[in-house]
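Peer 1: Please find the sequence and the predicted model below.
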Amino acid sequence: MTISERIFERLKQLSMTQKEFSEATGILPSTISEWKKNKTNPSSEKIMPICRVLDVSPQWLLSGVDPAKGRESNHDYYVVAKDTDTGILVSDFNRLEKEQRDRILGYVAAFISMTEDRK
């Protein structure tokens, strides 16, 4: 199965129209129609917006292989948009020195422990 076939299979599962998909991804309707008509695949810069809207992993979209044997969110990795709070946090965290990152992780672990103890 091709990438475009997986896209249209997932759209059907979600009961999402090509127009809705176009609006959600920002991809032109004519481009989406070309994928379907000519059985071509999207360009690489469109993969992440497609995955976000279809709620699938890039691995599943590109290969059809889903290590979680489903589309649940229990993967060994996250796909995060850079302009979200989480994306900004990850970007800033990665700019820190290892010692600083370890310290932040310690704070997070302590904070989680405190909040779990209150339950």
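Peer 2: Sure, I can see it. Residues are numbered from 1 along each chain as shown.

Peer 1: Residue 1 against residue 64, yeah?
Peer 2: Yes - using CB atoms under 8 Å, residue 1 makes contact with residue 64 at a distance of 5.6 Å. To be clear about C-beta, it is placed using only N, CA and C from the backbone, and glycine gets the same treatment.

Peer 1: The two - which one has more neighbours?
Peer 2: Set residue 1 next to residue 64 and count neighbours by other CB atoms under 10 Å: residue 64 wins out with 13 against 8.

Peer 1: Relative to the whole chain's centre, how far out is the host helix or strand of residue 89?
Peer 2: Residue 89 is part of helix 85-95 when elements are defined by DSSP states H and E. Mean-position distance between helix 85-95 and its chain equals 16 Å (CA atoms, centre = their mean, to the nearest Å).

Peer 1: and the helix or strand that comes right after that helix, average pLDDT?
Peer 2: The helix or strand immediately downstream of helix 85-95 is helix 98-117, counting by DSSP H and E. For helix 98-117, mean pLDDT rounds to 91.

Peer 1: do the same with stretch 14-32
Peer 2: Mean predicted confidence for stretch 14-32 is 95.

Peer 1: how about the CA coordinates for it, as PDB?
Peer 2: Extracted in PDB, the C-alpha atoms of stretch 14-32 (Å, rounded to 0.1, in the frame of the first residue of the first chain):
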ATOM      1  CA  LEU A  14     -12.300   9.100  10.300                       C
ATOM      2  CA  SER A  15     -15.200  10.000   8.000                       C
ATOM      3  CA  MET A  16     -13.300  13.100   7.000                       C
ATOM      4  CA  THR A  17     -13.700  14.600   3.500                       C
ATOM      5  CA  GLN A  18     -10.900  15.700   1.300                       C
ATOM      6  CA  LYS A  19     -12.000  19.300   1.800                       C
ATOM      7  CA  GLU A  20     -11.900  19.000   5.600                       C
ATOM      8  CA  PHE A  21      -8.500  17.300   5.300                       C
ATOM      9  CA  SER A  22      -7.300  20.100   3.100                       C
ATOM     10  CA  GLU A  23      -8.500  22.800   5.500                       C
ATOM     11  CA  ALA A  24      -6.900  21.000   8.500                       C
ATOM     12  CA  THR A  25      -3.500  20.500   6.900                       C
ATOM     13  CA  GLY A  26      -3.300  23.600   4.800                       C
ATOM     14  CA  ILE A  27      -2.700  21.400   1.700                       C
ATOM     15  CA  LEU A  28      -4.400  22.500  -1.500                       C
ATOM     16  CA  PRO A  29      -7.400  20.400  -2.500                       C
ATOM     17  CA  SER A  30      -5.900  20.000  -6.000                       C
ATOM     18  CA  THR A  31      -2.800  18.500  -4.500                       C
ATOM     19  CA  ILE A  32      -4.800  16.000  -2.500                       C
END
